[in-house]
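Student: give the three-dimensional model of this entry:
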Amino acid sequence: MVGLRASVLSCLSLLAFITGAGTLLADDVSPWNNPTNALVVDAYELNAIDWAALLKDNRIAAFISKASDGLPESFSCEGEHRGDTFAHCKTMWRKYAVSHELYDSRRMIARQNGLLWGAYHLGRPGNPVDQANHFLEYATPGPNDLMILDIEGLDTDQFMSLEDAQIFVGHIRARTGRYPILYTNHDTARYIAAYRRDYSVLARLPLWYARYKPDIRKVFPFGSWPNYFLWQFSSASNCSQRRCPYRVPGTLTDIDVNVAAMTKEELRRVWPQGGLLPPAEPDPPLILAKIEYSSVRLPAPRPDVVVTSSVASSDL
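Tutor: Presented below is the predicted three-dimensional model:
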């Protein structure tokens, strides 16, 4: 309950900041050029980082790392294991072991040097409860760490469906007492905002907004989002050796850079997140997957819980 209370206060603080400064932020064409605004680096396992150089940039307030990606690989590499060959399964496990060691090392370095820490899960097709458990087991987030669900697009052959995403975030909330925030691009965010009654939880998660255009004055507010929590404004798609919105020392042009449009001190106060942004309508119910046991009678769900999507006990 302490973690839940802290997450609610954090979200209310964020909302107060965003609401109070919403017009200013919407009119700020390139907030990364403001030296008082905090910057956040996010990376995955193939991004090269010279930590000694990166840490010299005093504007970097936080580091977000990729954690899990879809469902975990099969431990045994036997059977079909989702169509992989045996050799590919073994390769993926070696990659998993290396990437997890890298994740732990980066977290240790970041925390030792006073950076805020966050971790994201890349949502893929497949059981969303298993993916949520995989994320928590991989990332082992602490109460002061930011948790993120990354939905890259609406193609459900490649990415987690929005229906499954609601189950994912509900399971994270059930296990940790906090919701993750949502990372997505403009088109997906616009779709969720347009159908926010269908995706009543996703539409109220604080938004990590990915768009590589400098002017977003006509974007916010939309849906339940008065503004962004983080804006990913620079990546390999708009950063080259000749021109880049912002160069982080110790990194290459493929690094993702984000702006928080608040000072480092303000970002630290609201960083962990965990709550929902409040619209006019009442809070949506907590969405959990239905877990069926052959020999155990489950109690009736609480009135604030929507039970959806069947998950066999063997999947837990």
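Student: the helices in this structure, which residues?
Tutor: Applying DSSP state H to the chain gives helices spanning 2-27, 51-54, 86-112, 128-139, 162-176, 186-194, 264-270.
Student: pull out the buried positions in the second one.
Tutor: Meaning helix 51-54. For helix 51-54, the neighbour count (16 or more other CB atoms under 10 Å) marks Leu54 as buried. (Each C-beta comes from the backbone N, C-alpha and C, glycine too.)
Student: run through who's touching it.
Tutor: Identification of contacts with helix 51-54 by CB atoms under 8 Å, 6 or more residues apart in numbering yields Val41, Ile60, Ile109, Asn113, Val248, Pro249, Gly250, Thr251.
Student: pull the residues that contact the strand ranked longest in the chain.
Tutor: Identified as the longest strand of the chain according to DSSP state E is strand 60-69. Strand 60-69 is contacted from outside by 38-45, 54, 103, 106-107, 110, 115-122, 124, 131, 134-135, 138-139, 146, 148, 248, 258, 260, 264, 267-268, 271, using CB under 8 Å, 6+ apart.
Student: now swap in stretch 182-193 and tell me
Tutor: So stretch 182-193 is contacted by 120, 148-154, 162, 169, 199, 202-203, 205-211, 219, 222-225, 232 (CB under 8 Å, 6+ apart).
Student: give the PyMOL command for selecting the buried subset of those.
Tutor: Here is the PyMOL command that picks out the buried ones among these, judged by 16+ other CB under 10 Å:
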select buried, resi 120+148+149+150+151+152+162+169+199+202+203+205+206+207+208+209+210+211+219+222+223+224+225+232
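Student: export the contacts of helix 51-54 to a markdown table and append columns for pLDDT and neighbour count.
Tutor: Converted to a markdown table, those look like this (pLDDT from 0 to 100; neighbours: other CB atoms under 10 Å):
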| residue | pLDDT | neighbour count |
| --- | --- | --- |
| Val41 | 98 | 23 |
| Ile60 | 98 | 22 |
| Ile109 | 98 | 15 |
| Asn113 | 98 | 12 |
| Val248 | 97 | 23 |
| Pro249 | 97 | 12 |
| Gly250 | 97 | 18 |
| Thr251 | 97 | 20 |
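Student: dump the helices of the chain into CSV; add distance to Arg242 as well.
Tutor: Shown next, in CSV, are the helices of the chain (distance: least, CB to CB, whole Å):
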stretch, distance to Arg242
helix 2-27, 29
helix 51-54, 20
helix 86-112, 29
helix 128-139, 36
helix 162-176, 38
helix 186-194, 25
helix 264-270, 30
